[in-house]
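[1] kindly return the folded structure for what I paste below:
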Amino acid sequence: METKKRYTSTKLFDGYSTCFRQWKAEGTHCRFLHGYAVSFRVWFEGDLDHRNWVFDFGGMKRAKTEINHMQPKEFFSWLLDHTTIVAWDDPYLETFKQMNEDGIIQLRVLPATGCERFAEYLYYTINAFLKEETEGRVKATKVEVYEHERNSASYGE
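    Residues are numbered from 1 along each chain as shown. The predicted structure is shown next:
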C-alpha cells in the first residue's frame, strides 16, 4: 500500500510594530501597554500544485480570497502594524476606543492578547482563508508568533 506524501513549507511574516496590554497579568510589567517588533511564521501542509508548490510564498499578495474584505497581506498589516491590541474584556476598553476616535491609536480588539492567543487567532483565520483559497488542498498546521527573536509562542495541530 502506497502512502500519500504530504509536503510542508513555511513563511515568515515580519515588520510589524505592535502595542498591546495583557491586563490580567497582575504582578508583572506585561499589564502595562508595551510593544514589540512582532512577526509570525506559518507552517503550510498539503499536496503540491501544478507548479510543485505547497503554497505560493507570494500568495498572500495575489490571493482571490479575502480576510475581512482585505487581501491577506493587507489584513495582517491592518491587524498588527502600528496598532494597539487589547482584549474584549479589558476594563479600559472604552478609554482605548476614545483614544482610537481621537486619532491617538489604531485600535484592534481581539478575544485575548499575548503571543499564545495571537497565534491561535491567526491559526484559525489563516486556515479559514486557506480552505477557501486552495479548495482544501492546503492547511496551516502551526502558527508561531514572535515578540522578538528570543520569545515566541505557537498554536497548531
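
[2] now the strands for this protein?
    In the chain, the strands defined using DSSP state E lie at 7-20, 34-46, 83-87, 107-110, 138-148, 151-156.

[3] wait, which of those strands is closest to residue 97?
    strand 107-110 (6.5 Å; Cβ to Cβ). Any C-beta I mention is one placed from the backbone N, CA and C, and that applies to glycine too.

[4] okay, now residue 42: neighbour count?
    22 (other Cβ atoms under 10 Å).

[5] quick one: closest of the strands of the chain to residue 77.
    strand 7-20 (7.3 Å).

[6] okay, which residue is most central for the chain?
    Taking Cα atoms, centre = their mean, the centroid of the chain lies closest to residue 122, which sits 3.6 Å from it.

[7] just the mean pLDDT for the top helix by length along the chain, thanks.
    Under DSSP state H, the helix in the chain containing the largest number of residues is helix 115-133. Here helix 115-133 scores 97 as its mean pLDDT.

[8] now swap in stretch 16-26 and tell me
    94.

[9] as PDB, could you dump the C-alpha coordinates of it?
    Written as PDB, here are the backbone C-alpha positions of stretch 16-26 (Å, rounded to 0.1, in the frame of the first residue of the first chain):
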ATOM      1  CA  TYR A  16       5.000  44.800  12.400                       C
ATOM      2  CA  SER A  17       5.300  47.200  15.300                       C
ATOM      3  CA  THR A  18       2.500  46.200  17.700                       C
ATOM      4  CA  CYS A  19       1.500  47.600  21.100                       C
ATOM      5  CA  PHE A  20      -0.700  45.600  23.400                       C
ATOM      6  CA  ARG A  21      -1.600  45.100  27.000                       C
ATOM      7  CA  GLN A  22      -2.300  42.000  29.000                       C
ATOM      8  CA  TRP A  23      -4.500  43.500  31.700                       C
ATOM      9  CA  LYS A  24      -4.900  40.200  33.500                       C
ATOM     10  CA  ALA A  25      -1.100  39.900  34.100                       C
ATOM     11  CA  GLU A  26      -1.200  41.200  37.600                       C
END
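
[10] much appreciated, bye for now.
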